[in-house]
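# Please work out how this folds:
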Amino acid sequence: MQPSPTRREKLPHSSIEILNRVNEISFNSSLIRKMRAIRFVTQLIDDSYVVNGSLRRIRIHSVAADDVMTKLSVASKLDADWEFLTGLRDIGRERAEQWLDAHFDSLGVESTMDLQAVYM
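From the prediction side, this is the model:
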């Protein structure tokens, strides 16, 4: 589960909202950069620029709860309340079970995440 949403439906307007959004984007920047690099290498392989086997395809999967994560405030990152944390854990387990039900046969075979759609 990605800790900070990559997209928000509502634009930030106040200085605090803008700062919080900048922090979310900054927090995600390493992940986004790596996913874009994986997508680039995958495209090289697909376009037959790499044929000697020096680069290998990586299968990418994502168990997500964006609908839950986008509703959380920035303050939730500091929320150490046991019920809140166990609630997140339970949502993660539920989404993982749903993901496995839908994609188990793809494990070790193909990616189940469209890097182009999510990170480009």
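# what's the distance between residue 65 and residue 71?
According to CB to CB, to the nearest Å, residue 65 and residue 71 sit 10 Å apart. In short, each C-beta sits where N, CA and C put it, glycine included.
# So if I had to pick from these two, which one is more boxed in?
residue 65 (17 against 10; other CB atoms under 10 Å).
# Quick check: closest non-adjacent residue to residue 55.
Nearest non-adjacent residue to residue 55, counting by CB to CB, 6 or more residues apart in numbering: residue 41, 5.5 Å away.
# Helix, strand, or coil at that neighbour?
Using DSSP: H, G, I helix; E, B strand; the rest coil, the structure places residue 41 in helix.
# Pull the contacting residues for residue 76.
residue 84 (CB atoms under 8 Å, 6 or more residues apart in numbering).
# what does residue 4 give?
Per CB under 8 Å, 6+ apart, neighbours of residue 4: 24, 25, 27, 28, 69.
# Show me the two of the residues you listed that sit farthest apart.
Pairwise distances across the contacts of residue 4 peak at 14.2 Å for 25 and 69 (criterion: CB to CB).
# Those two: who's more crowded?
Neighbour tally, residue 25 and residue 69, criterion other CB under 10 Å: the higher count belongs to residue 69, 17 against 14.
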